[in-house]
Structure formats: C-alpha cells, structure tokens
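Student: any chance you could fold what I've pasted below:
(chains A and B)
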Amino acid sequence: MSGSIRIEKLGKPGVFAFAESFEHDAEAASKDYGMPTLRRVAVPGYKWLRETREAKKSHAEQSIDDLIRALTSPLTLEEAKPKPLVREPFPPIKITAATYEFTVEEFNQLFLENRWGDGLYLVPPTPERVKWMLTGTSRSPHEVIGTVLPKKGICTIEKIAINAVMAGAKPEYLPVIIAAMEGLTDKDFDLLHVMASMGNFTLAIIVSGPIGKEINMNSDYAFLGYGWRANATIGRAVRLCLLNMGHLWPGVNDMATLGRQHPYTFYAFAENEELNPWKPYHVGEGYKPEDNCVTVSTIGSYGGWAITDFRAPTIKAGLENIIKSISEARKGVFGLFKRGFANPSAHPLKHLILLDPETAKGLQAIGFTTQESLRNYIYEHTSVPYEDLRPEEINNIKDRIAGSKAGDMIFSDIIPPDRIPVFEEALKPGGKVPILITPKDIHVIVAGGKPGSPIGMSYIRAPYKWTSHQTKLIRGATLTKAGR
Amino acid sequence: MKRQLIWILMVIAAVTLLIGYSPINKVSAAALVTLEVLNPRGEIEPPPTLAPTPRVTDLAGKKIGLYWNGKEDGDLFWDVVEGLLKKKFPTATILRYKGAFDLGDKTAATMAKECDTFIYGVGD
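Tutor: Alright, predicted model coming up:
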C-alpha cells in the first residue's frame, strides 16, 4: 500500500489490488499512509495456495474490468478532496456502576468491545495505579520511546505504564517492559511482519543480567510455562502495548490466520545466569557483565521454524541435531532462491539456540569454551563445500550475490554488503558456502533447569527491515539494584 | 369536589416526598461507584491527507506498470492481467516490476518515469 502511494505522490495514477478478505486492512492502510481515497480493487476468491492454476486465472478475469475502471474513471469530488485525517484524542474514561465489582466488570466489557484488551481480565489503569507503576522508573512519563506499527501510535513511558497496569505487572518490571518496547520500536527492527503477517509468527522476550533474578523471573525448570508473575505479566504488558499503541486487531490488520503462538504473553523468560557455564548472552552482544538487557526476537509459526527439539542421548548427538536442523535450510536458501520471487523458504534465517544448563555444560566439557566457539562451529558445519553444490544451487547463489550488489532484490533475500565478499570467496573450488549470512545469526542462550531440553527458535533474519532480533539496555530502574 | 381534589393533591405530594427521602433511594445514590481509568491507546499523528492523482482517460497507447513483490504464484495472476490488458488495449505497453513489500524511492521513481499508470499488488 505504501509503495502504491509513493508512486501516486510522484504524479502517476494507479490502483492498489488486494485479496478480497483484506478490505479492512486495505482501507486502514490507505488512511495510515495518508491517502484515504486511494483507488483500491478487491480481487475475489483468495485461496492462492489451494487452487489450480486455472482457478487462479479466473480471479484475474473477474477483476480486470474493475481494475480498468479504477485506472480510467475520473475521480469523484469526494476522492479528489478527501476529508483531512485528524488526530484522535484518547482521554481518560469514566465508568459508573452500582458497586466496585460491577464497575470493574463494566470496565472490562467496555475495553474488550473497543478492542483495547486481549480477552483476559484486565486490571483497571486508574491514575493511582499508573502513578504507582511509574515509581518503577526514573524516566519521565512523557518521554517518547517511538511509534508502534502498524498504525504508528505514539509510545510514551506513561502509555507503557498504563498497559503494564492492565497486564497485572509490578513497578519493578516496568524498566524491562520499556526496554522491550524500545527494541520493538527500533527503526531497524521489523515489527510490521511479526504484528501483521498472515504467518503466525510471534515474539521471544529474553532478559539477561542480574535483574532477572531480582524481579523473580523464571529462567529455570519450565521457563516457558506458567506460574511466574514476572514472566507472564512482562510478556502480557508487551502484548497490550503492541495491541493498543499499534492499534492491532485480529482479522483487521493482524492477519495471522490461526493467531500468533503464545498470544497473551509471548515467550518471556530470563537467561539462567546461575547455571550458565559461559558468559551471559548480553556480554557476547557487546554489553558489560553488570548491564541488564532485554532481547526481542521474532520466532516462527506453528511447526516449521517455531520450536525445534534438539534432545538426544548424548551431547554430541544433540549438537548433530542442531547442525542437521539448520542445514535443512539449504534446500530453500540455495535450492529455491529465485531473484525477485518472495519465497519464504529461500530467505536466510537466524536461530535462537536455547540450551538447558546440562547440555551447555556438556558442550563446554567437549571443548566449546565460549558461546562464540559453539556458534562458529555451527556456522562452519552447516556451510556446504563448493564441490558438493549442485549446478542450480551455484547459479542461485551467484544470482543472490548479483542481486544483493545491484540492490534490486526484496529485503529478505539480500546479503548485506559486508558479507558479500565471504560468499564470493566461498563460491570457488575449495570454498564452503554458508547457509547462514553470518555466525552472529546464531544466538546461544542458556535457559531451563535440570533436566532440561535444548530447543531452537528460528525465523527470517531480515524480513522487511534489517533485523528481526534486537537487544536493548535496561535503564532507569528505581526499585531494583540492577537496571539503574 | 374541591375538598376531594385537595386530598388527592396532598396524597400525591406526600408520596412524592416519601420517595425522595426513602432510605432505599439514599442507599442507591450512595452505592454508585465511578471508576476513572487512563487510556491505553497510543495517539496517532496523522500524515498529511492527500488525494489520488487524476486518472488517465484511456489506456490505449499508455504504458501500464504492474508491480508485484514476488510472492508464490502471484506472477500467474499478473500474467493473466497483462494478457487481458493487451487484448483490450493492443497499443498499450505493459511493464512488469518486482521488488520489496514497499518498493522504495528508487523503484517508485523508475515506475513514475516509465509508466503512465500502474497497478500495485503485494502478498505476504
């Protein structure tokens, strides 16, 4: 939609074509991008992946007259002079009922009817409660963190606090939630894809540093499960922030066909620093050991890239499982790449490798003295020797390099400029071509208890922006020693 | 008659006063609870509102751009659209473009330069 409006702004008339189940999404997007009367045509019968080619042809035949009409019939007065879009205020709300209990019930009904809640019971964000929540940070409530896609709602510390109250969070969690929102609103982080795509992608929210223990986050047994207020409400607060400040709703602009995994809380957990044999994750990302960080990372849909179980009878067998799993991407990344075609299987991936403490310790015992050594090993052993590549794979890799240099490829297929020489060097006899763009696309994090399960969470490394993985420093904490 | 009317009016007045000072009413008025909550929604700074560009009057002889972000099988739809446009407007030229979800400034400028009009579609 935004691309269509770009061309219109340059003085050329056009029409935006969309599948007929996306009317709300298309109408909303045309307003979001400032052209509410953009000509739009719905193409009937969106069942792309379940139809014969003949059936798909008929969609074009059914739409052609509408497309021609949209291109050539003169603009109406209403289209030529659209009503100006205005800033809608969101003032406080008063709810009155016979008793406090009924009032809270009315509040919950109202918020859900307005699509301001996630379906679970909400804690009313009274001025008193929000003030209490804000005691958890030294930062100004008026500070603007960024804007939240898809509708670019302005994200302030106060708004985060309001949503954190609704989620049932405590003030000492607020700095963590703020840092998560800073990651998600970062200009390089692709928030739109994980919020709006038809794919049921979701988020991992990972805390590393001493603050995790201080606020009693679960990083041990069942770290992805229930029972910990910090894990649950931090994740829920982020979900409510995205819903309310991004103005999201299923089927309107969040087009996940099944609904995103762990939709109420995402996967929110802390790194198990106590049982981690290596340095904390954030130190490997360039932060100081005493720092506290939140990492937000998009992870895949049900099946597929979602969660891969690497359990095996021995440590070496478990490592082979990791190598084997990541190597499966060869089929798509080398085999299915076609310049100009957006095939998700051909997009390079990034991987979260979540190791339980015993597996981490076992890997350390067999020689992986750092996470970097493990990450480099995985990168090396998932790379494919030039001599083993099929001719079409070699051509595809050459094409990907050429497209990356020309800068005319879709984002998700690009090799960044600083990595192009690596691929060029590898694509000759004696070389090994990596499936991963860089070893840094493997993120090793120790989480879980004894016994535990090593798992992987994977996703496209750069869907429509440079990254789907972002780490931010937690700061401004007032109620914990960590995160100040 | 006059006396009866006065009696009726006095009874009505008494009943009205009774309702007004009724303990039941006092309890109802006092029990109403008002909750004020702050609004969780992020305010949106709307972009400048723009109108679409005036249309071409006819597609004959025009250069028509077709943009697609390359999602699986979408090319088939656009192949058919191209074929149908050529059939209806044999003197038109169809130009095909591919790129990202948002085509970016460079491709937008290219399309604006090369095309008289366009159809834009993306898939995800």
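
Student: count the residues that sit near residue A:16.
Tutor: Using other Cβ atoms under 10 Å in any protein chain shown, residue A:16 has 25 neighbouring residues. Where you see a C-beta, it was placed from the backbone N, CA and C, and this is true even at glycine.

Student: can you confirm residue A:458 is in a strand?
Tutor: Yes. When DSSP: H, G, I helix; E, B strand; the rest coil is applied, residue A:458 is found to be in a strand.

Student: identify the residues contacting it.
Tutor: Contact analysis of residue A:458 by Cβ atoms under 8 Å, 6 or more residues apart in numbering or on different chains lists A:299-300, A:305, A:308, A:326, A:349-352.

Student: switch the cut-off to 7 Å
Tutor: A:299-300, A:305, A:349, A:351 (Cβ atoms under 7 Å, 6 or more residues apart in numbering or on different chains).

Student: quick one: least confident of the residues you listed?
Tutor: Looking at the contacts of residue A:458 by pLDDT, the weakest one is residue A:305, with 69.

Student: show me what residue of chain B gets nearest to chain A.
Tutor: The nearest approach of chain B to chain A comes at residue B:42, 2.4 Å away (Cβ to the nearest Cβ).

Student: just checking, that residue touches residue A:248?
Tutor: No. Applying Cβ atoms under 7 Å as the test, residue B:42 and residue A:248 come out as separate, 10.8 Å apart.

Student: ok, these two, which is more surrounded?
Tutor: Higher neighbour count among residue B:42 and residue A:248: residue B:42, with 23 against 20, using other Cβ under 10 Å.

Student: can you count the residues close to residue A:21?
Tutor: Using other Cβ under 10 Å as the criterion, residue A:21 is surrounded by 15 other residues.

Student: the bottom helix or strand of chain B by mean pLDDT?
Tutor: The helix or strand of chain B with the poorest confidence is helix B:23-31; it has a mean of 51 (mean pLDDT, DSSP states H and E).

Student: pLDDT wise, what is the residue minimising distance to the centre of chain B at?
Tutor: What sits nearest the mean C-alpha location of chain B, by Cα atoms, centre = their mean, is residue B:46, with 13.1 Å. Here, the pLDDT recorded for residue B:46 equals 90.

Student: helix, strand, or coil at it?
Tutor: coil.

Student: who's in contact with it?
Tutor: Contact analysis of residue B:46 by Cβ under 7 Å, 6+ apart lists A:85-87.

Student: go again with 6 Å.
Tutor: Contacts for residue B:46 (Cβ atoms under 6 Å, 6 or more residues apart in numbering or on different chains) come out as A:85, A:87.

Student: ok, it to residue A:253 distance?
Tutor: Taking Cβ to Cβ, to the nearest Å as the measure, residue B:46 falls 16 Å from residue A:253.

Student: equivalent analysis for residue A:372, please.
Tutor: Applying Cβ to Cβ to residue A:372 and residue A:253 gives a distance of 40 Å.

Student: ok, the two, which is more surrounded?
Tutor: When neighbours are counted by other Cβ under 10 Å, residue A:372 and residue A:253 differ, and residue A:253 comes out ahead with 23 against 16.

Student: anything in stretch B:69-81 near chain A?
Tutor: Yes. Stretch B:69-81 reaches chain A (Cβ under 6 Å from any Cβ of the partner chain) through B:69-71, B:73, B:76-77, B:80-81.

Student: stretch A:371-384: which residues count as buried?
Tutor: The neighbour-count check on stretch A:371-384 (16 or more other Cβ atoms under 10 Å in any protein chain shown) flags A:371-372, A:374-375, A:377-379, A:382-384 as buried.

Student: how near is residue A:362 to residue A:372?
Tutor: Distance of residue A:362 to residue A:372, computed by Cβ to Cβ: 18 Å.

Student: same question, residue B:110
Tutor: 43 Å.

Student: next one: residue A:455
Tutor: For residue A:455 relative to residue A:372 (Cβ to Cβ), the value is 21 Å.

Student: since we're on residue A:252, how many residues are nearby?
Tutor: Close neighbours of residue A:252, defined as other Cβ under 10 Å, add up to 17.

Student: can you check residue A:244 too?
Tutor: Neighbourhood size, residue A:244 [other Cβ under 10 Å]: 27.

Student: is it true that it touches residue B:44?
Tutor: No. Taking contacts as Cβ atoms under 6 Å, residue A:244 lies outside contact range of residue B:44: 11.6 Å.

Student: and the closest residue to residue B:115 other than its chain neighbours, what helix or strand is that in?
Tutor: Nearest residue to residue B:115, sequence neighbours excluded (Cβ to Cβ, 6 or more residues apart in numbering or on different chains): residue B:65, at 3.6 Å. In this assignment (DSSP states H and E), residue B:65 forms part of strand B:63-68.

Student: which elements pack onto that strand?
Tutor: Counting contacts by 3 or more Cβ pairs under 6 Å, 6 or more residues apart in numbering or on different chains; DSSP states H and E, strand B:63-68 is packed against helix B:74-88, strand B:93-98, strand B:117-121.

Student: what's the mean pLDDT across that strand?
Tutor: Mean per-residue pLDDT for strand B:63-68: 95.
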